[in-house]
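Undergrad: Below is the structure, and that's it, no one-letter string:
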């Protein structure tokens with residue numbers, strides 16, 4: 001199908017189309033379709049996380065498989081999502097259903113999460129790991145209490161990138177029968193309703209930007225040094241919470257350190 005570009009005069013009509021209540025309500029309205037697209041995107045992202053994060057952590061922990069991760073990342077970016085959607089829809093085990101779109105979008109979201117997880121884990125300083133081992137930590141403890149907390153900000157960046165890409169690309173799921181914001185775009189293009197096409201495209205762009213800003217804030221909270229970092233609550237045992245030794249409160253730099261005192265026994269008067 002060939003997409004037709006909307007004339008410049010129709011761009012303003014797209015905003016006018018958005019002002020009509022009928023564009024937002026009903027089973028084919030923008031609110032319902034946006035909700036369905038968010039659900040499909042969340043399911044796809046969850047599937048990508050379940051696969052990519054454990055693999056990236058394991059390979060990064062042993063410092064092996066970097067070339068494999070790079071190759072998988074490049075392959076995932078090179079394969080078009082619409083091609084995976086159409087291919088899976090032609091396989092009897094998948095067919096034209098929501099599961100097909102979820103799997104295709106999960107494949108599309110794998111590369112940034114896998115690459116960032118591996119890179120962040122493998123980049124942890126060797127001296128830090130040696131110090132943890134010197135404290136008696138086992139390999140699993142080193143991974144969960146040292147490498148994972150330090151890698152968390154970069155992993156969050158990969159999740160953020162994948163989430164925005166998956167949500168924007170989920171618009172294509174309408175080609176395999178899923179109710180997403182691609183339906184009014186496809187219908188409007190076929191019927192030359194450019195105001196509908198432009199209006200829906202604006203909604204997709206605004207939601208993708210809102211998602212990026214929200215996840216960017218989450219990423220900032222997971223980064224050490226940010227105000228009120230979440231990782232101090234997410235991983236309390238590793239970052240000074242319950243079960244971890246507390247650091248002593250710093251003394252005033254200008255105040256002298258108090259001298260140790262001891263109690264002196266008073267002499268008895270006989």
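TA: The structure has been received and is ready for your questions. As the structure is a computational prediction, the values presented were derived from the model and not from experiment. Residues are numbered from 1 along each chain as shown.
Undergrad: Could you tell me which residues make contact with the closest residue to residue 143 other than its chain neighbours?
TA: The spatial neighbour of residue 143 that comes closest, neighbours along the chain excluded (CB to CB, 6 or more residues apart in numbering), is residue 61 at 5.1 Å. Any C-beta I mention is one placed from the backbone N, CA and C, and that applies to glycine too. Contact analysis of residue 61 by CB atoms under 8 Å, 6 or more residues apart in numbering lists 121, 139, 142, 143, 147.
Undergrad: Find the helix or strand that residue 61 is a member of.
TA: Using DSSP states H and E, residue 61 sits within helix 30-62.
Undergrad: State the mean pLDDT of that helix.
TA: Across helix 30-62, pLDDT averages out at 94.
Undergrad: Next secondary structure element downstream of that helix?
TA: Immediately after helix 30-62, counting by DSSP H and E, sits helix 66-78.
Undergrad: Could you pull out the buried residues of the next helix or strand after that next one?
TA: Where DSSP H and E defines the elements, the next helix or strand beyond helix 66-78 is helix 81-89. Of all the residues in helix 81-89, those buried under the rule 16 or more other CB atoms under 10 Å are 81, 84, 85, 88, 89.
Undergrad: distance of the closest residue to the third one other than its chain neighbours from residue 50?
TA: Across the structure, with CB to CB, 6+ apart as the measure, the residue nearest residue 85 apart from its sequence neighbours is residue 104 (4.7 Å). Distance check for residue 104 against residue 50: by CB to CB, to the nearest Å, it reads 16 Å.
Undergrad: So which of those two has more stuff around it?
TA: residue 104 (28 against 11; other CB atoms under 10 Å).
Undergrad: and residue 180, which of the three is it?
TA: Under the three-state scheme (DSSP: H, G, I helix; E, B strand; the rest coil), residue 180 adopts coil.
Undergrad: Confirm for me that it is in contact with residue 171.
TA: Yes. Here residue 180 lies in contact with residue 171, judged by CB atoms under 8 Å, at a distance of 5.7 Å.
Undergrad: Comparing the two, which shows the higher neighbour count?
TA: Of the pair residue 180 and residue 171, residue 180 is the one with more neighbours under other CB under 10 Å, namely 29 against 22.
Undergrad: Pull up the gap between the more buried one and residue 68, please.
TA: 33 Å.
Undergrad: And residue 122, by the same measure?
TA: Look at residue 122 and residue 68: by CB to CB, they are 13 Å apart.
Undergrad: shared neighbours of those two, which are they?
TA: residue 59.
Undergrad: Comparing those two, which shows the higher neighbour count?
TA: residue 122 (20 against 13).
Undergrad: The closest residue to the more buried one other than its chain neighbours: how many residues sit nearby?
TA: Nearest residue to residue 122, sequence neighbours excluded (CB to CB, 6+ apart): residue 60, at 4.1 Å. Neighbour count for residue 60, taken as other CB under 10 Å: 24.
Undergrad: what residues are up against residue 215?
TA: Contacts for residue 215 (CB under 8 Å, 6+ apart) come out as 156, 159, 160, 163, 164.
Undergrad: Kindly report the same for residue 68.
TA: Residue 68 sits next to residue 59 when contact means CB under 8 Å, 6+ apart.
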